[in-house]
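Participant: Pasting the sequence and the predicted coordinates here, then a few questions.
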Amino acid sequence: MGSDLMEKEHLILAAMWIFGFLGFILFIQKKNLRKGLLAYSIFQSIVWLCDMPAFEFGLLSAPVREFPKATDLAITINYLFYPFLFSIYYVKKRVKGFIWARFSYFAVWVSAVTLYDVTIETYTDLLEYGSMTWYGMWMYIAFLFFISEVCCNWFFKDQAKFQTEWRETS
């Protein structure tokens, strides 16, 4: 029985790798590849900074993980799959538009990721919420998305100037 559970978790992790890469390739056009890769890297960095204390203080745990002797963190979920989702979110978002439309887009993405996270926590041993609740996870994911988006926006703010200077020096 325990072996079957391990197989289920490992199949889910493999599916996250496959769907993460496929989603990135299918939903991010070649012209937006740089933006997608930066969004991926920024989200990875921020989630790393935030997850270390969350796992250390028992808010979250990962009973089944890829490197059980090396780290307590959920590598595939937090450092591969969710960053892929954020990069798709960031590249596909509309910069212009009504504030409520942009907030709705944000809320739908955060809610979908949270629903996935809660489902993983409920039906597998990939994640366990210690003292975290589903609405706490929603706020946590919203925080990660918001801070990552702010950092990406800051980086791309002067993109036109950077490209002009690059062309002049080359």
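Facilitator: That came through fine.
Participant: residue ranges of the helices in this structure, please?
Facilitator: Assigned by DSSP state H, the helices in the chain fall at 2-27, 33-56, 75-76, 82-92, 99-123, 134-156, 159-169.
Participant: for the shortest one, packing partners?
Facilitator: For helix 75-76, the packing partners by 3 or more Cβ pairs under 8 Å, 6 or more residues apart in numbering; DSSP states H and E come out as helix 2-27. C-beta coordinates here come from the backbone N, C-alpha and C atoms, glycine included.
Participant: So which bits of the helix it packs on are buried?
Facilitator: Neighbour counts over helix 2-27 (16 or more other Cβ atoms under 10 Å) mark 9, 12-13, 16, 20, 24, 27 as buried.
Participant: Please apply the same query to stretch 28-40.
Facilitator: 28, 35-36, 38-40.
Participant: which of the residues you listed sit farthest apart?
Facilitator: Within the buried residues of stretch 28-40, two members stand farthest from each other by Cβ to Cβ: I28 and L38, at 11.3 Å.
Participant: Can you give me the neighbour number for F86?
Facilitator: 26 (other Cβ atoms under 10 Å).
Participant: on that earlier part again, can you say which two of the buried residues of helix 2-27 are spatially most distant?
Facilitator: Using Cβ to Cβ, those reach their maximum pairwise distance at E9 and F27, which is 26.0 Å.
Participant: and stretch 48-57, how far from the chain's centre?
Facilitator: 15 Å (Cα atoms, centre = their mean, to the nearest Å).
Participant: Next, the residues that contact it from outside, please.
Facilitator: The contact list for stretch 48-57, computed with Cβ atoms under 8 Å, 6 or more residues apart in numbering, reads 60-62, 72-74, 78-79, 132, 140, 143-144.
Participant: Can you point out the buried residues in that stretch?
Facilitator: 51, 54-55.
Participant: so where's the chain uncertain?
Facilitator: Counting by pLDDT under 70, the chain contains low-confidence residues at 1-6, 158-170.
Participant: tell me the contacts of the residue nearest to the spatial centre of it?
Facilitator: Closest residue to the average C-alpha location of the chain: Y82 at 2.4 Å, with Cα atoms, centre = their mean. Contacts were defined as Cβ under 8 Å, 6+ apart; by that measure Y82 touches 43, 47, 113, 141, 144.
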